[in-house]
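> Here is a sequence together with a model predicted from it:
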Amino acid sequence: MSDNKIQFLAKISNILTSEIDTAELVSELKILMNEIIDLKTLNLYIYDSITNTIRDCVNSWSIIEDNSHIYKAFENINQQDFVINSKAYKLPASISNITLKIESLCMPIIKDGKVFGIIELSFADNTSVDMSFLFLMKIFASQVSLKLQNIVLNEQSKINVEFHDSMKNIAKIIETQYELNYIVPIIGEMLDRFITDHLIYVFLKQENEFKLVWPKACKDERIYEALNQLTPQTEYILTNNDKIGAFPLISEEGELSGCIVARSTLDALSKRDISYLEQLTRQSAITINRANSYSKILQYATIDALTNLNNRRQFEHRLGQEIASAKRQNKPLCAMMIDIDFFKKVNDTYGHASGDAVLRGVASIIKSALRESDIPSRYGGEEFAVLLPFTHIDEAKIVGERLRKAVETSPIPINIEDSDVKSINVTISMGLAEFTPKETGEELFERADKALYSAKN
């Protein structure tokens, strides 16, 4: 073998032993190939036995269309060494003096004696190669095969780790949260991040109808048709050429309590996706069932478990008392609605455990910044409500500004593994309203909520 071919194989070995992803691998191999031949393109494709599809390793492992020439090359390559210019070709036993004009070359990627992928090369016009080049490419293909096996294995291991993290995180939600309107969006976001190729929808059954809880809108009528076919005995429903999957949420009583839907306009759900979604849906159902049970237990409690402030039920009770007192004594009363700014970004950036730490931290600041007579409550999610008895609106503005500055200037400790971030600062927006004798408590807080909305804008 000539020195330049030995050098070529040595350089290939250096590339294949480095820590790079498939996109970097293809880029490096293409640069190296151009040292020995005028190359146009270099592509890598892997056969996915679970979905019976061929995937493009470089372009986010996207599925290749059934009518692509790659499928035909894959079929032909099972029988022969190469596909040259779209025709199967078997190398002779020894190197001969034959020269071929070549436009394209497909070589097999071998695993356990079977073809599990293809290396595709295309060449500049009027390129010719001899048999020694083709034998060199056979060695090249075998080296690349080993590297791709490791990449695919690592990719699958990464998916498995992410899956188990998702299962664990969904299970942990209930440790600190029990409000469905808070935990269901979190579950939806977790599923959406894991099942990246499909949109995720979460429905809960309320008054015998499926109500979309996350995200805010679903306009695909085929999804609602699938929901109407669900029963407590249904494992899952696939429709629209398997691009839509509906996975039922079952209550502890064995009844249909909701559904998680995965939808794509491009790819069908694979067997692997279905398996993951079945398990994630079961874990989500357990978490939602626990939340329902906890809510029933806590509906008579007065303190929010996470923040140690009054819960919403106790807030509504105290609101009725303070409205009656203000009317009876002809005394002023103000209401304050508070919302943590960009709270979703905190969860997305630092995790939901850090989000809970922020809720606790802000609640503590609110409590310490208010007067003894004020009544702070957790209204729901990242919203807080405060009653300010014996307070006119001008005085409430002073209290609100003091509270706003206290939150803004107080770092909140968070604990993130393997991170230098030990605390973060957040800000709040708030709306104020002063009670008028002709309105109800609900109308008072509607005005405070509208003021909050204006502050957020």
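Everything's here; your move.
> three-state assignment of the residue lying farthest from the centre of the chain?
Distance from the centre of the chain peaks at residue 97, with 56.1 Å (C-alpha atoms, centre = their mean). Three-state call for residue 97 (DSSP: H, G, I helix; E, B strand; the rest coil): coil.
> got a list of what it touches?
Contacts here follow C-beta atoms under 8 Å, 6 or more residues apart in numbering; on that basis residue 97 touches 130, 131. For glycine as for every other residue, the C-beta is placed from the backbone atoms N, C-alpha and C.
> Could you report the pLDDT at residue 335?
If you check residue 335, the pLDDT there is 96.
> Then the one 4 residues further on?
We note a pLDDT of 95 for residue 339 in this prediction.
> One more: the one 4 residues further on?
As summarised for this prediction, residue 343 has a pLDDT of 92.
> wait, what's in contact with the closest residue to it other than its chain neighbours?
Closest residue in space to residue 343, ignoring its immediate chain neighbours: residue 382 at 4.0 Å, by C-beta to C-beta, 6 or more residues apart in numbering. With contacts defined as C-beta under 8 Å, 6+ apart, residue 382 is in contact with 339, 340, 343, 359.
> Show me what the second one is bridged to.
Read that as residue 340. Residue 340 has these beta-bridge partners by DSSP bridges: residue 428.
> who wins for neighbours among the contacts of residue 382?
Highest neighbour count within the contacts of residue 382: residue 359, with 25 neighbours (other C-beta atoms under 10 Å).
> just the strands in the stretch 201-350 of the chain please.
If DSSP state E, counting those that start in this stretch is used as the criterion, the strands of the stretch 201-350 of the chain fall at 209-214, 237-239, 244-250, 256-263, 333-340.
> In TSV: those, plus distance to residue 448.
Converted to TSV, those look like this (distance: least, C-beta to C-beta, whole Å):
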stretch	distance to residue 448
strand 209-214	25
strand 237-239	44
strand 244-250	35
strand 256-263	32
strand 333-340	4
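> what about the residue farthest from the centre of the chain, distance to residue 132?
The gap separating residue 97 from residue 132 is 10 Å, by C-beta to C-beta, to the nearest Å.
> and residue 94, that's in a helix?
No. Read with three-state DSSP, residue 94 is coil and lies in no helix.
> ok, residue 273 to residue 162 distance?
Counting by C-beta to C-beta, the gap from residue 273 to residue 162 is 13 Å.
> Compare the two and say which is more crowded by neighbours.
More crowded of residue 273 and residue 162, by other C-beta under 10 Å: residue 273, with 21 against 14.
> Contact partners for the more buried one?
Contacts for residue 273 (C-beta under 8 Å, 6+ apart) come out as 195, 197, 198, 245, 262.
> Torsion angles phi and psi at the closest residue in space to residue 375 that isn't next to it in sequence?
Of all residues not flanking residue 375 in the chain, residue 387 sits nearest, at 4.1 Å (C-beta to C-beta, 6+ apart). Per-residue torsions, residue 387: phi -100, psi 130 (degrees, to the nearest 10).
> partners of residue 387 in the sheet?
Residues in beta-bridge contact with residue 387 (DSSP bridges): residue 335, residue 375.
> quick one: contacts for it?
Shown in contact with residue 387 (C-beta under 8 Å, 6+ apart): 315, 318, 319, 322, 333, 334, 335, 336, 374, 375, 377.
> make it 10 Å
Contacts here follow C-beta atoms under 10 Å, 6 or more residues apart in numbering; on that basis residue 387 touches 310, 315, 318-319, 321-323, 326, 333-336, 373-377, 435, 441, 444-445.
> go on, residue 308?
Counting by C-beta under 10 Å, 6+ apart, the residues that residue 308 touches are 360, 363, 364, 367, 378.
> Got the phi and psi for it?
phi 60, psi 20.
> Could you say which one of the strands of the stretch 201-350 of the chain comes nearest to residue 122?
Of all those, strand 256-263 sits nearest to residue 122, with 35.9 Å by C-beta to C-beta.
> roughly how far out does that closest one sit from the chain middle?
In terms of C-alpha atoms, centre = their mean, to the nearest Å, the centre of strand 256-263 is found 17 Å from the chain centre.
> So for it, mean pLDDT?
94.
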